[in-house]
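1. Okay, sequence plus prediction incoming.
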Amino acid sequence: MKIRQLYISPGHNYFGHHGRPAGGHPVVEVLEIECVAGCGVPGDRFFSHKENYRGQITFFSREIFDGMCAALKLSGKSPGAARRNVVTEGVDLNSLIGAEFEIQGVRFLGTEHCKPCYWMDHAFAPGAELFLRNGGGLRAQILTDGRLCAER
């Protein structure tokens, strides 16, 4: 598995916004993120969200993103619009649900699929929620402290 891009966002644009407009918090691409066991990613909106939170860090597949762009004829969109922390390449993220895994010396527990919601049609284009039905990403808990770096 390779890490292609890393993102953090200081606030929620969609989470808790049902029936209201999306928020305006930026998604910031960074070259490195800190992972704090049991807490999440400092600077990200879910850091220390609640005890044993299943989405302390989130992953999204570059291959799924590229497939969605081709299928929906999207251009000029970033995988960061999915609001996941880590964009990966070379791994089936769904295969990591329920599994412990390690990336760059940091250990994680894959907890569940990041089920896409109707906001994906807003973030990308109509049809994105349906396209991402089985490939919206992976939520995980951080088991050990460490740093992840984007591999360019």
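-> Cool, got the structure.
2. any idea which helix is longest in this structure?
-> Criterion DSSP state H: the longest helix present in the chain is helix 62-72.
3. contacts for it?
-> 4-5, 74-75, 77, 79, 82, 87-89, 124-125, 127-128, 131-132, 135, 137 (Cβ atoms under 8 Å, 6 or more residues apart in numbering). For glycine as for every other residue, the C-beta is placed from the backbone atoms N, C-alpha and C.
4. tell me which element the residue nearest to Arg133 when sequence neighbours are not counted is part of?
-> Distance criterion Cβ to Cβ, 6 or more residues apart in numbering; nearest residue to Arg133, sequence neighbours excluded, is Pro116 at 6.7 Å. Assigned by DSSP states H and E, Pro116 falls within no helix or strand.
5. Quick check: Pro116 touching Phe124?
-> No - applying Cβ atoms under 8 Å as the test, Pro116 and Phe124 come out as separate, 9.6 Å apart.
6. what about the residue nearest to Arg133, how many residues close to it?
-> Neighbour count for Pro116, taken as other Cβ atoms under 10 Å: 21.
7. ok, now Glu100?
-> Using other Cβ under 10 Å, Glu100 has 12 other residues around it.
8. And the closest residue to it other than its chain neighbours, how far from Cys35?
-> Distance criterion Cβ to Cβ, 6+ apart; nearest residue to Glu100, sequence neighbours excluded, is Leu109 at 5.3 Å. Distance of Leu109 to Cys35, given as Cβ to Cβ, to the nearest Å: 12 Å.
9. Could I get the pLDDT score of the most centrally placed residue in the chain?
-> Nearest to the mean C-alpha position of the chain, by Cα atoms, centre = their mean, lies Arg84 at 1.9 Å. At Arg84, the model reports a pLDDT of 93.
10. my read: it touches Tyr7, true?
-> Yes - counting by Cβ under 8 Å, Tyr7 is a contact partner of Arg84 at 6.9 Å.
11. The worst-scoring helix or strand of the chain on mean pLDDT - contacts with which helices or strands?
-> Lowest by mean pLDDT, DSSP states H and E among the helices and strands of the chain is helix 119-123, with a mean of 85. For helix 119-123, the elements it packs on are helix 128-131, judged by 3 or more Cβ pairs under 8 Å, 6 or more residues apart in numbering; DSSP states H and E.
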